[in-house]
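[1] Need a 3D model of the sequence below.
(2 chains)
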Amino acid sequence: MIEQELGRCVAAFYPGATGVAGAAKLSGGASQETWSFDIVHPDGNVGAILRRAPPGYGASPGRAAGLDAEATLMQLAFDAGLPSPRVMHMLQPEDHLGTGFIMQRIEGETIARKILRDEQFAKARPMLARQLGKVIAGIHGLPTSKLPKLRQMTSTKEIADLEREYRSFDWPRPVFELALRWLRDHDPGPSSEVTLVHGDFRHGNLIIGPDGVRAVLDWELAHFGDPMEDLGWICVNSWRFGEIDKPVGGFGTREDLFAGYEAAGRRADPARVMFWEVMGTLRWGVMCCGMMQRFRSGPDHSMERAMIGRRSSETEIDLLRLLAPRA
Amino acid sequence: MQDEPTPSELIKAVADFLRNEIAPVIKGHNAFKLRVGINALDLVTRQLALESGGDAAEAARLKQLLGADGSLKELNRALSDKIAKGEVDLRTPGLSEHLWQTTMDKLAVDQPNYASYKRELGKS
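    Now for the predicted structure:
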């Protein structure tokens, strides 16, 4: 069992730890897993999270930054005072746990519907957009010299990637064609400033408490690129969970997001952000189609994946609302 | 000729049983999966009821727009090519209306509770 290996590992890096308890798998496909567990200690147990590729799964697929880079970014964010878990340990070969890292577990909520509806977050909701703007600015301002090696993206490259993936499905979608055409016609070109981009800054990857944002998670899609991409992605309608008149995650306004971003000494470019919102909407649509492909070809032949495939039409209506709005 | 009950009636009976009798007594991750499963059965029921009417109207609009004939997939492929090449765009008479109607018909099957769909339904 994983608790034995984790226990030995923890005893080696955490002074006084006597083992672990309550190990539970939170999520994971074949190549990457997240586990929650408690480090057992005489002074009181400590909540921890293991993120790993199990033994036998080394390289990370396509766009992924890799677990080493994720750990480095998370620690840099923590050191910069951004809401981020502290990285406690990088897995070593002698840990026999595969590759990855162990980090502090931060209590709070990641499920959008609870964050948007539960009473305990009522005070946090109106301030979240501004807070997140400030956090995104902090991420974009992390010291370049310390950042790990990451892929570099431009809007032009992203359009080409999306188009290639969409064409590989060999299933005609006139609305996606319209969006691709719009993106090519409105491509703003390379950003004058290239920064670290989180790449997946949205509900699910943010731990929220009654006091506001507590942690940014999942740096798997981190890359260098146009900083406005992160601001556009969090405005994509798919992350509003029904609260469609509050563009930022279903809880706030673009104005608040930008104000928070600019209060931290950076400039928001609303036109570029809107471009990335269209791109992000199409991106999620293409990802839904990809889920359907993986469902059909296996190995994950699950109903969840199949049903996500039928959500690509949600992005089609959102693309039409953006590109061909009706009176 | 196959006998009754129809596929729609059978699926609806199964979905109602799972929803009313089983879902209340299932906990944890399986409760989530069960909900996804019931949603899938409901989707199939909607598709069985709505697909043929929606497809026929879509094909008629596509033939009109393209001045060509073919299967629904061939027609959609032809329209996709024309949009990609810029031969057809939102200024083309009928294109916007066609894309809107087709998308609304898809949402009516896939996700009739999607907020954007409900908002747009009030406009048409």
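[2] Convert stretch A:242-250 to PDB, retaining C-alpha atoms only.
    Coordinates of each C-alpha in stretch A:242-250 appear next as PDB, following Å, rounded to 0.1, in the frame of the first residue of the first chain:
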ATOM      1  CA  GLY A 242     -24.700  29.500 -14.700                       C
ATOM      2  CA  GLU A 243     -23.900  33.000 -13.300                       C
ATOM      3  CA  ILE A 244     -23.500  34.300 -16.900                       C
ATOM      4  CA  ASP A 245     -23.800  38.000 -16.100                       C
ATOM      5  CA  LYS A 246     -20.700  37.800 -13.900                       C
ATOM      6  CA  PRO A 247     -17.900  37.200 -16.400                       C
ATOM      7  CA  VAL A 248     -15.100  36.500 -13.900                       C
ATOM      8  CA  GLY A 249     -15.800  32.900 -12.600                       C
ATOM      9  CA  GLY A 250     -19.500  33.700 -12.100                       C
END
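[3] Can you name the residues of chain B that neighbour chain A?
    B:33, B:36-37, B:39-40, B:43, B:73, B:76-77, B:79-80, B:83-84, B:86, B:89-90, B:96, B:99-100, B:102-104, B:106-107, B:110-111, B:114-117, B:119-120, B:123-124 (CB under 8 Å from any CB of the partner chain). All C-beta spots, glycine's among them, are computed from the backbone N, C-alpha and C.
[4] Low-confidence stretches in chain B?
    For chain B, the stretches flagged by pLDDT under 70 are B:124.
[5] Which residues are in contact with residue A:11?
    Contacts for residue A:11 were tallied using CB atoms under 8 Å, 6 or more residues apart in numbering or on different chains; they are A:17-19.
[6] can you give me the strands for chain A?
    Secondary structure of chain A by DSSP state E: the strands cover A:19-28, A:33-40, A:46-53, A:87-90, A:99-104, A:195-197, A:206-209, A:212-216, A:223-225.
[7] Nearest to residue B:52 among those strands would be which one?
    Judged by CB to CB, the one of these that comes nearest to residue B:52 is strand A:19-28, at 39.5 Å.
[8] what helices or strands is the closest one leaning on?
    helix A:2-13, strand A:33-40 (3 or more CB pairs under 8 Å, 6 or more residues apart in numbering or on different chains; DSSP states H and E).
[9] Please tell me how far residue A:94 sits from residue B:20.
    54 Å (CB to CB, to the nearest Å).
[10] Could you tell me how many residues sit around the residue nearest to residue A:130 when sequence neighbours are not counted?
    Distances taken as CB to CB, 6 or more residues apart in numbering or on different chains put residue A:260 closest to residue A:130, at 3.7 Å, once the chain neighbours are dropped. Look at residue A:260: counted by other CB atoms under 10 Å in any protein chain shown, it has 24 neighbours.
[11] Could you do residue A:164 as well?
    10.
[12] quick one: the residue sitting furthest away from the middle of chain B and chain A, what's the gap?
    Distance from the centre of chain B peaks at residue B:25, with 31.1 Å (CA atoms, centre = their mean). Look at residue B:25 and chain A: by CB to the nearest CB, to the nearest Å, they are 20 Å apart.
[13] if we can go back for a sec, do you know which of the strands of chain A lies nearest residue A:237?
    Each of these was scored for nearness to residue A:237 using CB to CB, and the closest is strand A:206-209 (17.3 Å).
[14] Return the residues in contact with residue A:118.
    Going by CB under 8 Å, 6+ apart, residue A:118 touches residue A:109.
[15] now residue A:70
    Residues counted as contacts of residue A:70 (CB under 8 Å, 6+ apart) are A:51, A:101, A:218-220, A:222.
[16] can you check residue B:58 too?
    B:72, B:98, B:101-102, B:105.
[17] before we move on, what about residue A:67?
    Applying CB under 8 Å, 6+ apart to residue A:67 gives the contacts A:32, A:51-53, A:60, A:99-101.
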